[in-house]
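Peer 1: got a sequence here, can you model it:
(chains A and B)
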Amino acid sequence: MNYNWDWGVFFKSTGVGSETYLDWFITGLGWTIAIAIVAWIVALMLGSVLGVMRTVPNRLVSGIATCYVELFRNVPLLVQLFIWYFLVPDLLPQNLQDWYKQDLNPTTSAYLSVVVCLGLFTAARVCEQVRTGIQALPRGQESAARAMGFKLPQIYWNVLLPQAYRIVIPPLTSEFLNVFKNSSVASLIGLMELLAQTKQTAEFSANLFEAFTLATLIYFTLNMSLMLLMRMVEKKVAVPGLISVGGK
Amino acid sequence: MDLDFSGVVQAVPGMWNGMVMTLQLTVLGVVGGIILGTLLALMRLSHSKLLSNIAGAYVNYFRSIPLLLVITWFYLAVPFVLRWITGEDTPIGAFTSCIVAFMMFEAAYFCEIVRAGVQSIPKGQMGAAKALGMSYGQMMRLIILPQAFRKMTPLLLQQSIILFQDTSLVYTVGLVDFLNATRASGDIIGRANEFLIIAGLVYFTISFAASRLVKRLQKRFAV
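Peer 2: Numbers count the residues shown, from 1 in each chain, chains lettered A, B, ... in the order given. Sure thing, here's the model as predicted:
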């Protein structure tokens, strides 16, 4: 069994319809981005709420957020995915269950499960970053806001969060990139995102090195461009006078 | 949905075998990853531009691709690569290819931890070692690395806990680790949901206990 190198393989027809292998990669990349962006929005919103909850002076509220973080950080992502995909639909009321299992097409139900799973999984990590950001602020900020008669929601919304977000952009960036990488687990429940398309190309064309090289390049480029983008954002919104932010 | 956990007791031996596999993967991945990662960190910190660029590229490369892609790729590609090197068919199983994948992938992450650890040692330590006439090797081995490792033990352990969870990804190559063994036991008796819950609980208990332990160590290990 010899290996036949063929870098032109991506422009060849897959034999399925009139698609080339490159079309498969583009579709896959589309799914990867669609999963990651929506999951990130979920994670950012829920994570921010949880991060605030962890810092408020109320034992019960911060306890709930702590439990959430511990639960979602200590169960492997794949187990969480299986729970959302196989177990949770069984817990739904009968009519929702029928809708999820019969009316939705398999791709949509897999997509929903992955987005919910990744969103909630990443929210636990976002929560920790937001909390770190809030706690890194000098206590005087909160006291000053209080002295000016701000209410607790106003203190968070107008004083603490705008600064906290700007401090934690670097760690948030790496969580953002993680969402893209973690979205590859979707291939294990049959969603044809980038990794699944790569595997399929490798099997159909027998050019596995070319397929995986292209996939690696795509992930690498995606990663690098998002990182550069976030670095620009970071510089734009840097809090003046702090060493840690923006490099200069 | 009715839950019935009565089948779990019978399945314990199978699940235990899976757990042994998971632990093997974790331990080998961590040990190999730390060794390779330390070498990479030394390369990254060396004065040679070439060495530090190679190590930098390695770390960047592995940190920008998903672990699942590395596992899949190695599983498919390692047999080919071995044939090119040795010229003959060397059958290696999913286990070996997964171990190699974990070691190489984790090395990138361990490298960054070790690098930060070494950089956190005061410069005077290096100067003092040089003043005593130590060679570079002696200085690293006897002075810098022991202190650095003490500082980074909590981080290394934290990363190991992450790897412990990530070993479940070997599902993709059909290796029977704890998750796979548990799922298989559940499927046989038609109780997949119950066994999934058990798997989640076991992973949670181990990871949670381990990270609590690490937090305690962190206080005790402070230099």
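Peer 1: quick one: average pLDDT of stretch A:241-248?
Peer 2: For stretch A:241-248, the mean per-residue pLDDT is 52.
Peer 1: dump the residue contacts of B:Thr17.
Peer 2: Wrong residue type there; residue B:17 is Asn, not Thr. By C-beta atoms under 8 Å, 6 or more residues apart in numbering or on different chains, the contact list for B:Asn17 reads B:176, B:181. Where you see a C-beta, it was placed from the backbone N, CA and C, and this is true even at glycine.
Peer 1: element containing it?
Peer 2: Per DSSP states H and E, B:Asn17 falls inside helix B:8-45.
Peer 1: for chain A, name the helix or strand with the lowest mean pLDDT.
Peer 2: helix A:94-98 (a mean of 87; mean pLDDT, DSSP states H and E).
Peer 1: pull out the buried positions in it.
Peer 2: By 16 or more other C-beta atoms under 10 Å in any protein chain shown, helix A:94-98 has no buried positions at all.
Peer 1: can you give the contact residues for the helix or strand of chain B with the lowest mean pLDDT?
Peer 2: Least confident element among the helices and strands of chain B, by mean pLDDT, DSSP H and E: helix B:67-86 (a mean of 87). Here helix B:67-86 makes contact (C-beta under 8 Å, 6+ apart) with A:3, A:181, A:184-185, A:187-188, A:195, A:198-199, A:202, A:208-209, A:212, A:215-216, A:219, B:62, B:89-92, B:94, B:96-98, B:100-102, B:104-105, B:166, B:169-170, B:172-173.
Peer 1: which of the residues you listed fall within helices?
Peer 2: Using DSSP state H, A:181, A:195, A:198-199, A:202, A:208-209, A:212, A:215-216, A:219, B:62, B:94, B:96-98, B:100-102, B:104-105, B:166 are the members of the contacts of helix B:67-86 that sit in helices.
Peer 1: of the residues you listed, buried ones?
Peer 2: A:181, A:195, A:198-199, A:202, A:208-209, A:212, A:215-216, A:219, B:62, B:94, B:96-98, B:100-102, B:104-105, B:166.
Peer 1: and A:Phe209, what is it in contact with?
Peer 2: A:Phe209 makes contact with A:3, A:5, B:77, B:80, according to C-beta under 8 Å, 6+ apart.
Peer 1: coming back round to it: do the least confident helix or strand of chain A and chain B meet?
Peer 2: No - residues of helix A:94-98 contacting chain B under C-beta under 8 Å from any C-beta of the partner chain: none, with a closest distance of 9.4 Å.
Peer 1: now swap in stretch A:14-31 and tell me
Peer 2: No - judged by C-beta under 8 Å from any C-beta, stretch A:14-31 stays clear of chain B, getting no closer than 11.8 Å.
Peer 1: if you count neighbours, what's buried in that stretch?
Peer 2: Neighbour counts over stretch A:14-31 (16+ other C-beta under 10 Å) mark A:14, A:21, A:23-25, A:27-29, A:31 as buried.
Peer 1: ok, stretch B:205-217 next?
Peer 2: Judged by neighbour count (16+ other C-beta under 10 Å), stretch B:205-217 contains these buried residues: B:206-208, B:210-211, B:214.
Peer 1: give me the subset of these touching chain A.
Peer 2: Taking C-beta under 8 Å from any C-beta as the test, chain A is in contact with B:207-208, B:211 out of these.
Peer 1: among those residues, which ones are in helices?
Peer 2: Going by DSSP H, the helices hold B:207-208, B:211 from these.
Peer 1: which strands and helices sit next to the lengthiest helix in chain A?
Peer 2: The longest helix of chain A (DSSP H) is helix A:21-55. Counting by 3 or more C-beta pairs under 8 Å, 6 or more residues apart in numbering or on different chains; DSSP states H and E, the packing neighbours recorded for helix A:21-55 are helix A:59-73, helix A:106-136, helix A:169-182, helix A:194-205, helix A:208-236.
Peer 1: can you do 10 Å?
Peer 2: Helices and strands touching helix A:21-55, by 3 or more C-beta pairs under 10 Å, 6 or more residues apart in numbering or on different chains; DSSP states H and E, are helix A:59-73, helix A:106-136, helix A:161-167, helix A:169-182, helix A:194-205, helix A:208-236.
Peer 1: that helix vs helix A:169-182, what angle?
Peer 2: Following axes from the mean of the first three to the mean of the last three C-alpha atoms, to 10 degrees, one obtains 130 degrees for the angle between helix A:21-55 and helix A:169-182.
Peer 1: would you mind measuring from B:Val78 to B:Phe5?
Peer 2: 40 Å (C-beta to C-beta, to the nearest Å).
Peer 1: counting neighbours, go ahead and name the busier of these two.
Peer 2: The residue with more neighbours, out of B:Val78 and B:Phe5, is B:Val78; 18 against 11, by other C-beta atoms under 10 Å in any protein chain shown.
Peer 1: how near is that one to chain A?
Peer 2: According to C-beta to the nearest C-beta, to the nearest Å, B:Val78 and chain A sit 11 Å apart.
Peer 1: and for B:Ser120?
Peer 2: 16 Å.
Peer 1: what sits against the spatially most central residue of chain A?
Peer 2: Taking C-alpha atoms, centre = their mean, the centroid of chain A lies closest to A:Val179, which sits 2.8 Å from it. Neighbour list for A:Val179: A:32, A:35-40, A:42-44, A:118-119, A:121-122, A:125-126 [criterion: C-beta atoms under 10 Å, 6 or more residues apart in numbering or on different chains].
Peer 1: where does pLDDT dip in chain B?
Peer 2: B:1, B:223 (pLDDT under 70).
Peer 1: and residue 49, how many residues sit next to it?
Peer 2: The chain I'm using is chain A. Burial of A:Val49 is recorded as 15 neighbouring residues (other C-beta under 10 Å).
Peer 1: ah, no, chain B please
Peer 2: 8.
Peer 1: same question, the one 4 residues further on
Peer 2: Other residues lying near B:Asn53 total 12 when counted by other C-beta under 10 Å.
Peer 1: run the chain-centre distance for the least confident helix or strand of chain A.
Peer 2: Centre-to-centre, helix A:94-98 and its host chain are 28 Å apart (C-alpha atoms, centre = their mean, to the nearest Å).
Peer 1: got it, and stretch A:152-164?
Peer 2: Distance of stretch A:152-164 from the chain centroid (C-alpha atoms, centre = their mean) equals 24 Å.
Peer 1: CA-only coordinates of that stretch in PDB, if you can.
Peer 2: Extracted in PDB, the C-alpha atoms of stretch A:152-164 (Å, rounded to 0.1, in the frame of the first residue of the first chain):
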ATOM      1  CA  LEU A 152     -26.100  47.800  43.300                       C
ATOM      2  CA  PRO A 153     -27.200  47.100  39.700                       C
ATOM      3  CA  GLN A 154     -26.000  50.600  38.700                       C
ATOM      4  CA  ILE A 155     -22.600  50.000  40.400                       C
ATOM      5  CA  TYR A 156     -22.100  46.800  38.300                       C
ATOM      6  CA  TRP A 157     -23.500  48.100  35.100                       C
ATOM      7  CA  ASN A 158     -22.000  51.600  35.100                       C
ATOM      8  CA  VAL A 159     -18.800  51.300  37.100                       C
ATOM      9  CA  LEU A 160     -17.500  47.700  37.700                       C
ATOM     10  CA  LEU A 161     -18.300  45.800  34.500                       C
ATOM     11  CA  PRO A 162     -17.100  48.300  31.900                       C
ATOM     12  CA  GLN A 163     -13.700  48.200  33.600                       C
ATOM     13  CA  ALA A 164     -13.700  44.500  34.400                       C
END
